[in-house]
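J.: Can you look at this prediction? I've put the sequence above it.
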Amino acid sequence: MRTQINSDKNINVDTRVIHFVEDEAHRALSRFASKLTRIEVHLSDVNSHKFGTNDKRCVIEARPARHRPLSAINRAPTVRQAVRGALDKMSSALESFFGRLRKRGEDTVTATRHRPAIGRRRAPAGSNGSAEAGRVKRRHTKR
């Protein structure tokens, strides 16, 4: 499981922040590590340089293998609290997601997404849905 950290221009991401985020992500999501390909963490300051309560935002996007990504958002007064809150939400979301897959009997590693049928044929107007519905009727004309 790879961890990618992004931030806006108002959050200074140095090695200390990187290590903190990676350690917290490993702590909170280690039991899902074999089922996830990547974790993306987006840090931002909502109201830029102005002071405000709950102005630090953390968006975490987890990408389960062969499934659509899941995301969790948390706002808090500090970056640390925002990251911890978002990771708690993500852990809960992943537990529900993989629990639903287990309940349906799908293996998370080998599961494939079902794609909708594209270009499915419609029965011609006026047909009653019988075997003749898919056939094209030709007109016989005299020449």
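T.: Structure's in. What do you need? Residues are numbered from 1 along each chain as shown.
J.: Low-confidence ranges, this protein, go.
T.: Filtered on pLDDT under 70, the chain yields the residue ranges 107-143.
J.: quick one: the strands in it?
T.: Taking DSSP state E, the strands of the chain run over residues 2-7, 36-45, 56-64, 70-76.
J.: got the contact list for the longest one?
T.: The contact list for strand 36-45, computed with C-beta atoms under 8 Å, 6 or more residues apart in numbering, reads 1-8, 10-11, 13, 17, 21, 25, 29, 55-65, 79, 82-83, 86, 94. Glycine gets a C-beta too; all of them are placed from N, C-alpha and C.
J.: From those residues, list the buried ones, please.
T.: 1, 3, 5, 7, 11, 17, 21, 25, 29, 55-64, 79, 82-83, 86, 94 (16 or more other C-beta atoms under 10 Å).
J.: Residue 90 against residue 28, yeah?
T.: Yes. Residue 90 is within contact range of residue 28, at 7.2 Å (criterion: C-beta atoms under 8 Å).
J.: Compare the two (neighbour count), which wins?
T.: residue 90 (26 against 20; other C-beta atoms under 10 Å).
J.: could you measure the residue nearest the centre of the chain against residue 51, distance?
T.: Compute the mean C-alpha point of the chain, and by C-alpha atoms, centre = their mean the closest residue is residue 69, 1.6 Å away. Distance of residue 69 to residue 51, computed by C-beta to C-beta, to the nearest Å: 33 Å.
J.: again with residue 17
T.: From residue 17 to residue 51 the distance is 20 Å (C-beta to C-beta).
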